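In: Sequence first, predicted coordinates after that:
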Amino acid sequence: MAGYSILCYLLQVKDRHNGNLLIDEEGHIIHIDFGFILSNSPGGVNFESAPFKLTRELLEVMDSDAEGTPSEFFDYFKVLCIQGFLTCRKHAERIILLVEMLQVTYFICVA
């Protein structure tokens, strides 16, 4: 979940909802529909301002209760996010290079 959140933040993957997030039998999150990515969107529609999507359902997967009281799993999620962002900072030049290479492709969603 932490990796998903960081990747969605870095690549600005938007329009994440239950219709385009799948979870397989092993609990892996599978993304479909990448029309809203890297600040690009079909028709220039920009309706989502959150840096990444963390719904109540996703919190429930981490065992938080309906009131949002954090559990040890949510605390671990936060630790993993911090470690992930620190690692991204360490490798920022490589990440930026990869995103720049994506911008010169012929993929409509990232061009």
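Out: Perfect, thanks for sending it.
In: got the buried residues for the longest helix anywhere in the chain?
Out: Counting residues, the longest helix in the chain under DSSP state H turns out to be helix 72-90. Buried residues in helix 72-90, counted by 16 or more other CB atoms under 10 Å: 74, 77, 81, 84. Using the backbone N, CA and C atoms, a C-beta is placed for each residue, glycine as well.
In: residues in contact with it?
Out: 1-3, 5-6, 10, 59, 62-64, 95 (CB atoms under 8 Å, 6 or more residues apart in numbering).
In: Run a quick neighbour tally on T55.
Out: A total of 12 residues lie near T55 under the criterion other CB atoms under 10 Å.
In: List the buried residues of stretch 7-14.
Out: For stretch 7-14, a neighbour-count test (16+ other CB under 10 Å) marks 8-14 as buried.
In: what two of these have the greatest distance between them?
Out: Using CB to CB, the two most remote members of those are L10 and K14, lying 12.6 Å apart.
In: Tell me the secondary structure of L22, please.
Out: strand (DSSP: H, G, I helix; E, B strand; the rest coil).
In: who are the neighbours in contact with it?
Out: Counting by CB under 8 Å, 6+ apart, the residues that L22 touches are 29-32.
In: same check, this time on I29
Out: Residues counted as contacts of I29 (CB under 8 Å, 6+ apart) are 1, 4, 21-23.
In: Out of the residues you listed, flag the one nearest to P70.
Out: Relative to P70, the closest of the contacts of I29 is M1; by CB to CB it sits at 13.5 Å.
In: Now do that closest one against F73, distance only.
Out: Computed as CB to CB, to the nearest Å, the M1 to F73 distance reads 9 Å.
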